[in-house]
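Novice: Okay, here's the prediction I keep looking at, along with the sequence it came from:
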Amino acid sequence: MNLPAPTASPLPDRVTTDVLLVGAGIMSATLGALLRALEPDWSITLLERLSEPALESSGPWNNAGTGHSALCELNYTPLLPNGDVDISKAPVVNEQFQQSRQFWASCVDAGVLTDPSHFINPVPHVSFVRGGENVEYLRKRYDKLAANPLFSELEFIDDETEFARRLPLMAQGRDAAEDVAVSWTESGTDVDFGALTRQFVKNLAASGADIRYRHHVKNLTRESDGTWRVKVKDRDHGKTVTINAKFVFVGAGGGALTLLERSGISEIKGFAGFPVSGQFMRCLDPSVAEKHEAKVYGMAAVGAPPMSVPHLDTRVIDGERSLLFGPFAGWTPKFLKEGSFTDLPLSVRAHNLLPMAAVGVTSWGLIKYLVLELAKGRNKKIDELRVFAPEVNGDDWEIITAGQRVQVVRKKGKMGGSLEFGTTVVNSADGSIAGLLGASPGASTAVAAMIDVLQRCFADRFQGQAWRGKLAELVPSYGTSLEENPALLAEMRAWTDASLHLAR
């Protein structure tokens, strides 16, 4: 896709805008698309410190591209000490992804997005377990989920022949005596969030938004009238400009924490970030990729964090099919892949020092996990891949670096802190600024997250029907539970499958 080039002429020394979006990733792009639909006359400025959109966590090789809908991710359905399976989180995540699908379909129908096969493709979602106890867990999970309309298409498979037919790469060379089982659904997807972001940004530019690359936000100050004075470094022209904005959204990934701290809003007090880097193994050989068509999620090791769940994925990027396996965790103090080694130390302030210290004391399991991950060499990574696909040739696989993730540390009580693995919206009381912290499920639930931002920051516009009515057009299930309305769920699936070209 031909991207809108950064405007050659520099910004004036002072600019006024209704909406300032910081960071050209999937979150800012989604919020920009929503606001353009809701308020087409508002001026929008988008700033990105790198040379293109979606070069950080939204990039296609910086994440696994799973359309996270709790179809295959076992960490959303934990086994309880009493032997039961808790599925309470799975419908929430699934409904959030349904909102994303609906918004994308609306945008395709309206011409905002083009050729959905560039950013979304049908790929089965599969849960994979080994061993008798784990097979029994998966069966319990299936029994509970399959009774829910959101998961009615799930299949439970423990037959060796059927396993081999559906997952030939994983069956080849596997010990016939090993107990294995999978849950399978055809309704899963692979999403190239980089391509999706670029399409949104291209449309924003075409609709009159001012898109500026290589512009780095340095500081934010609230004015007496409630607007924001934002100091920006123009990296191409070597000058500093001032942007005055009525509303600011900080969608800067791992960089959001630092910018929200610099804004001085009280709501960021007590928040900190713990960075975790990662790696994947990638196979671009089409003769290998054609033997596996699924996103297969396994079980995290005992005591390992949710982000460590191993998975073997079909990817579709630029029309080419490939395979991805991982993740393998690493560690760096950077908050962004293209960040600085001073990101972590400079983020520690008086307001978050105690929460950070408390997490350091209570998170020995995570620290041990990271130390062991850092000690893994290439051969050990290949061994873990062979748990999924016993006879793969390690020479067909290369190691790539994933996007940087910054997990949320939140103040807990007077002296404590907790480490969280989800996403968190932080906004000022007056709604003039907001930002998103955290990681998974992240991009998959961008639409739900950005609607949350709108509700928090523009509450007055939700009092009447103008925004509510428009949102109901863009996301027809908005305000309605699909779990409790099977007929609407079936209608939404049929529509989004057709608009997004997901017919199987």
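Specialist: Structure received.
Novice: longest helix anywhere in this protein?
Specialist: Scanning the chain for the helix with the most residues, using DSSP state H, yields helix 89-110.
Novice: List the buried residues in that helix.
Specialist: For helix 89-110, a neighbour-count test (16 or more other C-beta atoms under 10 Å) marks 90-91, 93-108 as buried. C-beta coordinates here come from the backbone N, C-alpha and C atoms, glycine included.
Novice: next structured bit after it?
Specialist: strand 120-122 (DSSP states H and E).
Novice: Describe which strands that following strand pairs with in its sheet and in which direction.
Specialist: With DSSP bridges as the test, strand 120-122 is paired with strand 189-191 (antiparallel).
Novice: Which residues does the strand it pairs with contact?
Specialist: 65-67, 69, 119-123, 125, 295, 313-316, 443-444, 502 (C-beta atoms under 8 Å, 6 or more residues apart in numbering).
Novice: pLDDT averaged over that strand - what is it?
Specialist: Mean pLDDT, strand 189-191: 97.
Novice: tilt between the helix or strand just after it and helix 89-110?
Specialist: Using DSSP H and E, the helix or strand that follows strand 189-191 in sequence is helix 193-206. Helix 193-206 and helix 89-110 are oriented at 40 degrees to each other (axes from the mean of the first three to the mean of the last three C-alpha atoms, to 10 degrees).
Novice: related to what we said a few turns ago, if any of the contacts of strand 189-191 are buried, put those into a PyMOL selection.
Specialist: In PyMOL, this line selects whichever of the contacts of strand 189-191 come out buried by 16+ other C-beta under 10 Å:
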select buried, resi 65+66+67+69+119+120+121+122+123+125+295+313+314+315+316+443+444+502
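Novice: which ones among the contacts of strand 189-191 are found in strands?
Specialist: 120, 121, 122, 125, 295, 313, 314, 315, 316 (DSSP state E).
Novice: shaky segments in the stretch 251-400 of the chain?
Specialist: 302-307 (pLDDT under 70).
Novice: just the helices in it please.
Specialist: Along the stretch 251-400 of the chain, counting by DSSP state H, counting those that start in this stretch, helices occupy 256-263, 286-289, 343-347, 353-362, 364-374, 378-388.
Novice: So which residues of the stretch 151-300 of the chain form strands?
Specialist: For the stretch 151-300 of the chain, strands defined by DSSP state E, counting those that start in this stretch occupy the ranges 155-157, 180-185, 189-191, 210-213, 215-222, 228-234, 239-250, 271-283, 295-297.
Novice: Can I get those strands in CSV including distance to residue 463?
Specialist: Shown next, in CSV, are these (distance: least, C-beta to C-beta, whole Å):
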stretch, distance to residue 463
strand 155-157, 45
strand 180-185, 40
strand 189-191, 34
strand 210-213, 30
strand 215-222, 25
strand 228-234, 24
strand 239-250, 18
strand 271-283, 29
strand 295-297, 41
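Novice: So for residue 472, which of those strands sits nearest?
Specialist: For residue 472, the closest of the strands of the stretch 151-300 of the chain is strand 239-250, at 22.5 Å, according to C-beta to C-beta.
Novice: Cheers, nothing more for now.
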